[in-house]
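[1] what follows is a predicted structure for the sequence shown.
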Protein chains: 2
Amino acid sequence: MKQVAIGIDIGGTNTAIGVVDREGNILYEKQPQLTTPQKKENPTGSEKISDDLLSDYITLLALEVKSAIEVVEKINPEIEVVGIGIGAPNANYYTGTIEHAPNLPFVGVIPFSKMVQEKFPDIKHIKLTNDANAAALGELIFGGGKEMKNFVMITLGTGLGSGIIVNGDLVYGADGFAGEIGHTTIGRGNRVCGCGASGHLEAYCSATGMKRTVYELLAKNNSFESELANIPFNEMSSKIVFEAAERGDKLAKEVFAFSGELLGEALADTVHHLSPEAIFLFGGPVAAGDYIFKPTKESMERHLLPIFKNKVKILPSSLKMGSAAIVGASALVWKEMEKLGM
Amino acid sequence: MKQVAIGIDIGGTNTAIGVVDREGNILYEKQPQLTTPQKKENPTGSEKISDDLLSDYITLLALEVKSAIEVVEKINPEIEVVGIGIGAPNANYYTGTIEHAPNLPFVGVIPFSKMVQEKFPDIKHIKLTNDANAAALGELIFGGGKEMKNFVMITLGTGLGSGIIVNGDLVYGADGFAGEIGHTTIGRGNRVCGCGASGHLEAYCSATGMKRTVYELLAKNNSFESELANIPFNEMSSKIVFEAAERGDKLAKEVFAFSGELLGEALADTVHHLSPEAIFLFGGPVAAGDYIFKPTKESMERHLLPIFKNKVKILPSSLKMGSAAIVGASALVWKEMEKLGM
């Protein structure tokens, strides 16, 4: 029998499902449309779904998982599904619940693992954590962190997520929610974070934060000569900033320099807590390469105690952009199997 | 046989030695004068000692430890010394070395454990870590953290030290130096830290940092009516500030309010990393009770993500001021024994 795990990534807009083997190969994946009819009538996502509709959602999700398994079984009848790993915002590893997730259409505390378990009574290992923690496990089991015992994963997207590996395992903390480095307070500025607080790292150094920096700098410098001055806020991305930087756009370069300066300062704080071997960066801005890595590394080194200087690597994640979430979610299962010696 | 461990605390000015049993009781303790003659001629401590003198220092230390054991043996001939635990600044648990400690009279990287081991070839467990890590282990094995798996220990003294417990064990990180929260950068101010960098937490919220705040506030407000305005910088202490606050001194109260505001902000960053069950505070300022705990807790809560609010306790350490260092150092041995199932 070939063992496989189901990796599920639940995001604010999409749900992705993958069948992943123990080497991290994706045998099959899909992104089904799982929003309920009522949800569809509220395309802004401002309405939360009721208990009935939640139950419908889980039923649909389970059907999609079953059909994914069937597809893989057609190719290889010898597969054994050993577990389901789920990555979702505000997901609690200990309790298997998703709690007050601001970007998901679920109200309150949802016993997600339990509801999925009821649909798959024969599958033993159903595990859940937040998306960035899942990515960190993916890096540990399949990626650049394979040979490491202590590292930190930073995901740069709409938000700034993080997952912390200490002594070869993910840190969940006392309540299952550890690893929210995006919501640490940085030294400069009072930009409003997605969580409502001000001055959080996420508001500056997520992909969205870097986009905001474009307009802060445009406003500050009145830089009409930058090509970024021709692009509306809602169309801006770290890819556009990178391409402008490549063409020599000064403001674009300054966006990365500023973001790297603040990210480096924040990562130094993380090093002072945890002394990791490496910090992996994942997400759109990573494609900007040295434009973002160089100022980040320089700033981090400048803020480190002498005993930590020139020891901590800042590396691009080796997980693939499109599939990291489901591969990471599957890693929850493989880590569990490893712990059980299976 | 009654098992005991030797706890040694190596500080900038004093060395303390204790014989500690498995319940954390100190059977005997002393603070021998171990500085070499050459060192004594340089009372400023600015001169570092040479290799020869280091060897003398270790010899003297070993003699003092042996005499301490002999004293305890006279009372109880049935004792068995199972290990030696050493707490020292910049001490590396993995390598057993003390590395570039700024406040100690040793130059460079000292193979401290190895040198002590040579003096005690029959003692199996000789372990070393920094003083705040040792205190965290003391809290875990003997103190308020006994029933906890995840907590953080903050020591407020000349510096601001910290030790991090994750999943019931101390976090050493990739290189053995994790837990330097005192050197994270806080949002406000550019006060120079003991390490030379600016804006570090330690420069504001250690016992010394609070003392500095007294004079910053005196300078800012020209508060000649405060009783603290009559006390020279070199005589100030958190005890004096506390006593003034108790008598209603406004500036004294403001010192704690300001320190708590910044400490709370920094501890929120720590919670966002680690999600601990509790944060223990240890050191002189802890005696100020609510004057420091209340603003710290309020500020921390204000800076936390909703999922962490009202979950994390800030507690006074249950270790005793005078003996925490040697009890903590001995905990290194007891933790080792626990890991080995002994």
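    On my side now, so go ahead.
[2] can you give me the strands for the stretch 51-200 of chain A?
    Along the stretch 51-200 of chain A, counting by DSSP state E, counting those that start in this stretch, strands occupy A:79-87, A:91-92, A:97-99, A:109-110, A:125-129, A:151-156, A:160-166, A:169-170.
[3] got JSON lines for those strands, with mean neighbour count, mean pLDDT and distance to chain B too?
    Bear in mind the C-beta positions are built from the backbone N, C-alpha and C, glycine included. Converted to JSON lines, the strands of the stretch 51-200 of chain A look like this (neighbours: other CB atoms under 10 Å in any protein chain shown; pLDDT from 0 to 100; distance: least, CB to the nearest CB, whole Å):
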{"stretch": "strand A:79-87", "mean neighbour count": "23", "mean pLDDT": "96", "distance to chain B": "16"}
{"stretch": "strand A:91-92", "mean neighbour count": "24", "mean pLDDT": "94", "distance to chain B": "9"}
{"stretch": "strand A:97-99", "mean neighbour count": "21", "mean pLDDT": "93", "distance to chain B": "6"}
{"stretch": "strand A:109-110", "mean neighbour count": "18", "mean pLDDT": "92", "distance to chain B": "11"}
{"stretch": "strand A:125-129", "mean neighbour count": "24", "mean pLDDT": "96", "distance to chain B": "12"}
{"stretch": "strand A:151-156", "mean neighbour count": "29", "mean pLDDT": "97", "distance to chain B": "8"}
{"stretch": "strand A:160-166", "mean neighbour count": "28", "mean pLDDT": "97", "distance to chain B": "5"}
{"stretch": "strand A:169-170", "mean neighbour count": "20", "mean pLDDT": "96", "distance to chain B": "7"}
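[4] dump those to JSON lines, plus distance to B:V327.
    Shown next, in JSON lines, are the strands of the stretch 51-200 of chain A (distance: least, CB to CB, whole Å):
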{"stretch": "strand A:79-87", "distance to B:V327": "42"}
{"stretch": "strand A:91-92", "distance to B:V327": "35"}
{"stretch": "strand A:97-99", "distance to B:V327": "39"}
{"stretch": "strand A:109-110", "distance to B:V327": "41"}
{"stretch": "strand A:125-129", "distance to B:V327": "37"}
{"stretch": "strand A:151-156", "distance to B:V327": "32"}
{"stretch": "strand A:160-166", "distance to B:V327": "25"}
{"stretch": "strand A:169-170", "distance to B:V327": "29"}
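[5] who wins for proximity to B:F280 among the ones you listed?
    Closest to B:F280 of the strands of the stretch 51-200 of chain A, according to CB to CB: strand A:160-166, at 19.3 Å.
[6] tell me how far the closest one is from the chain's mean position?
    Strand A:160-166 has its C-alpha centroid displaced from the chain centroid by 9 Å (CA atoms, centre = their mean, to the nearest Å).
[7] sheet-wise, list the partners of it with their directions.
    strand A:151-156 (antiparallel), strand A:169-170 (antiparallel) (DSSP bridges).
[8] quick one: contacts for the residue of the stretch 201-342 of chain A found nearest chain B?
    Of all residues in the stretch 201-342 of chain A, A:S275 sits closest to chain B, at 2.5 Å by CB to the nearest CB. Shown in contact with A:S275 (CB atoms under 8 Å, 6 or more residues apart in numbering or on different chains): A:150, A:308, A:312, B:171-180.
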